[in-house]
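Undergrad: Requesting a structural model of the entry that follows:
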Amino acid sequence: MDNGLPEKKPLLARQPIFDSSLAVAAYELLFRNSEMNASNVLEDDDSATSQVLLSAYSENDISQLTGVVPGFVNFTKNLLLSDVPFDKNLLVIEVLEDITDSKDVIDSLTELKNQGYTIALDDFVFTSDKAELIKLCDIIKVDLMAYPNQQAFLTDVKKIKRTKKRLLAEKIETHEEFELCKSLGFELFQGYFFAKPQLIKGKQLSYNRQVVLTLIAQLQKPDVQWKDLEGAFIKDPELTFKLLKLVNSAAYSKGRKVTSVKQALTWLGLKKIKSWVILLSLSNLDDKPKELTAVALVRAKTCELLSQQFNTEDSDLYFTIGMLSCLPAFMDLPMRKLLEKLPLSDEVINALLYYKGHLGVVLAAVLAHENGLWDKINWQLLQKMKIKDQDLNNHYRTAVNWSNEYIHAV
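TA: Numbering: from 1, shown residues only. Below you'll find the model as predicted:
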């Protein structure tokens, strides 16, 4: 039945929101209308946004993107004044900063509050027309990037803390900013600081990181043999355990039972097993948030699926590129420093450092999509590679679901 809503799904991405222990407490769901204009910039307006959200964020879509944690969704005024057809346990209503406390808005928020919805104020700034909104909200989001200097930020936070609401710091770019906000009493933290290296002058690689990096270097040699892979598993029982869990999981098994490393290696093949050994090794670094593994999985799988639009032979290499792009965060070293330690081809190095070649174009597109920066994507070049906006969108969703299956299995 035609309900008058757009059939084409919006471009969707998710950004994690952490608690102070770096466990994922929620995801913000980023969206953009997928219609491209002549400049390859994606556009929408207030009414279109409302329709896009209503058609896209069904309960199933939200739970597929966020799992067991709720999703923060930006609400325009139009959407705020509409019926909200979402489970209150799956959704946090994020009131945009340009919405004032007019009577119709307050009445709607009061009703939503009475129904049990959680309400957050986005990009909060103290103004006279926010008093009623503050009373109704549960969470206040503070944008670090909106302040000209740290002193202005500290002064405003002191005022905001008087509201006694839960505080969420957003657009955190560094680990230092995370620690600062934590010390100021923020309870929730949003940004991609966790996916960046924590650089400390004079810091040396820990022993377990050196072991993992040595293993990755061995696997990237062009003449690597089956016996090299088997040797890696013999030295690391935990790696063996995780591999067998993976190949017997719903994501891979398809009814067959794999009981030995040799079986697993034979079944997956040399190229694919090289990629999986890298990821399984990185996931053993237990001082990193689990979300970093999820990001590596989604990034790698999206790259792999996109490559299959134009190149079916080297999809494992695209998977590896997505994973290697997360190495700086896992190792706490800059990419250039890491590449000095790895025997990678010029093609791979140019993709990781400069986003050159097909590998680099795909990786750059996946990174931009991950951050919701769709206007930074070279859509014209992607279209020449037979990749459309909805291909990127659909493969990203598939990768998120696939990543959830992997994490549940391993």
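Undergrad: Okay, now the unreliable bits of the stretch 251-400 of the chain?
TA: Within the stretch 251-400 of the chain, the stretches with pLDDT under 70 are 251-255.
Undergrad: I would like the residues contacting the helix or strand where residue 179 lies, please.
TA: Element membership for residue 179, per DSSP states H and E: helix 175-183. By CB atoms under 8 Å, 6 or more residues apart in numbering, the residues outside helix 175-183 that reach it are 20, 144, 150, 169, 172, 189, 191, 193, 194, 196, 198. Where C-beta positions appear, they are placed from N, C-alpha and C, glycine not excepted.
Undergrad: So for it, what gets flagged as buried?
TA: Neighbour counts over helix 175-183 (16 or more other CB atoms under 10 Å) mark 175, 177, 178, 180, 181 as buried.
Undergrad: go on, stretch 132-144?
TA: 132, 133, 134, 136, 137, 139, 140, 141, 142, 143, 144.
Undergrad: Among those residues, which ones are in strands?
TA: Among the buried residues of stretch 132-144, the members found in strands (DSSP state E) are 139, 140, 141, 142, 143.
Undergrad: Of all pairs in these, which one is the farthest apart?
TA: When CB to CB is used, the two most widely separated members of these are 139 and 143, lying 13.5 Å apart.
Undergrad: which of the ones in strands among the buried residues of stretch 132-144 lies closest to residue 331?
TA: residue 143 (29.8 Å).
Undergrad: what about the closest residue to that closest one other than its chain neighbours, neighbour count?
TA: Distances taken as CB to CB, 6 or more residues apart in numbering place residue 123 nearest to residue 143, at 4.9 Å, with adjacent residues excluded. Residue neighbour count, defined by other CB atoms under 10 Å, stands at 17 for residue 123.
Undergrad: Pull the contacting residues for residue 123.
TA: 96, 97, 141, 143, 146, 170 are the contacts of residue 123 under CB under 8 Å, 6+ apart.
Undergrad: Can I get those in JSON lines including pLDDT and distance to residue 29?
TA: Formatted as JSON lines, those follow (pLDDT from 0 to 100; distance: CB to CB, whole Å):
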{"residue": "96", "pLDDT": "89", "distance to residue 29": "14"}
{"residue": "97", "pLDDT": "88", "distance to residue 29": "18"}
{"residue": "141", "pLDDT": "97", "distance to residue 29": "14"}
{"residue": "143", "pLDDT": "95", "distance to residue 29": "18"}
{"residue": "146", "pLDDT": "92", "distance to residue 29": "21"}
{"residue": "170", "pLDDT": "96", "distance to residue 29": "14"}
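Undergrad: What are the buried residues along stretch 272-286?
TA: Residues 272-283, 285 are the ones in stretch 272-286 that count as buried (16+ other CB under 10 Å).
Undergrad: same question, stretch 154-163
TA: Neighbour-count burial for stretch 154-163 [16+ other CB under 10 Å]: 156, 157, 160, 163.
Undergrad: Just to be sure, which of those are found in helices?
TA: 156, 157, 160 (DSSP state H).
Undergrad: OK, contacts around the last one?
TA: To tie it back to what came earlier, the one meant is residue 160. 124, 126, 140, 142, 167.
Undergrad: So the third one sits against residue 122, correct?
TA: Put plainly, it is residue 140. No. Applying CB atoms under 8 Å as the test, residue 140 and residue 122 come out as separate, 9.1 Å apart.
Undergrad: ok so, going back, just the contacts of helix 175-183: which are in strands?
TA: Those of the contacts of helix 175-183 lying in strands (DSSP E): 169, 189.
Undergrad: May I ask which of the contacts of helix 175-183 has the most neighbours?
TA: Most neighbours among the contacts of helix 175-183, by other CB under 10 Å: residue 169, with 25 neighbours.
Undergrad: any idea how the protein splits into domains?
TA: 11-195, 207-409 (automatic domain parsing).
Undergrad: Quick check: end-to-end length of the shortest one?
TA: Domain 11-195 has its terminal residues 22 Å apart, counting by CA to CA, to the nearest Å.
Undergrad: where's it relative to the chain centroid, distance-wise?
TA: 16 Å (CA atoms, centre = their mean, to the nearest Å).
Undergrad: One more: stretch 209-217?
TA: Distance, stretch centre to chain centre, for stretch 209-217: 25 Å (CA atoms, centre = their mean).
Undergrad: One more: stretch 328-343?
TA: 21 Å.
Undergrad: residues of it that come out buried?
TA: For stretch 328-343, by 16+ other CB under 10 Å, it's 328, 329, 330, 331, 332, 333, 338, 339, 341, 342.
Undergrad: hang on, isn't the third one packed against residue 285?
TA: If I follow you right, that is residue 330. Yes. Taking CB under 8 Å as the definition, residue 330 is a contact partner of residue 285 at 5.9 Å.
Undergrad: Could you report the neighbour count for residue 261?
TA: Neighbours of residue 261 under the rule other CB under 10 Å: 19.
Undergrad: That one and residue 241 touch, don't they?
TA: No. Counting by CB under 8 Å, residue 241 is not a contact partner of residue 261; they are 10.4 Å apart.
Undergrad: Past the helix or strand harbouring residue 240, which element shows up next along the chain?
TA: Counting by DSSP H and E, the element that carries residue 240 is helix 237-247. Counting by DSSP H and E, the next helix or strand C-terminal to helix 237-247 is helix 261-268.
Undergrad: quick revisit: how close does the residue nearest to residue 143 get to residue 330?
TA: Separation of residue 123 from residue 330 (CB to CB, to the nearest Å): 31 Å.
Undergrad: do the same with residue 408
TA: 21 Å.
Undergrad: ok, now which ones touch the nearest residue to residue 378 once chain neighbours are set aside?
TA: Leaving aside its sequence neighbours, residue 378 sits nearest to residue 361 (CB to CB, 6+ apart; 6.7 Å). By CB under 8 Å, 6+ apart, the contact set of residue 361 is 355, 378, 381, 382, 385.
Undergrad: out of those, which are buried?
TA: So, by 16+ other CB under 10 Å, the buried ones in the contacts of residue 361 are 355, 382, 385.
Undergrad: what sits up against the helix or strand hosting residue 399?
TA: Element membership for residue 399 (DSSP H and E) is helix 389-409. Contact with helix 389-409 is made by 8-14, 34, 36, 42, 64-65, 67, 245-246, 248-251, 290, 293-294, 297-299, 301-302, 305-306, 309, 365-366, 369-370, 374, 377, 379, 382, as judged by CB under 8 Å, 6+ apart.
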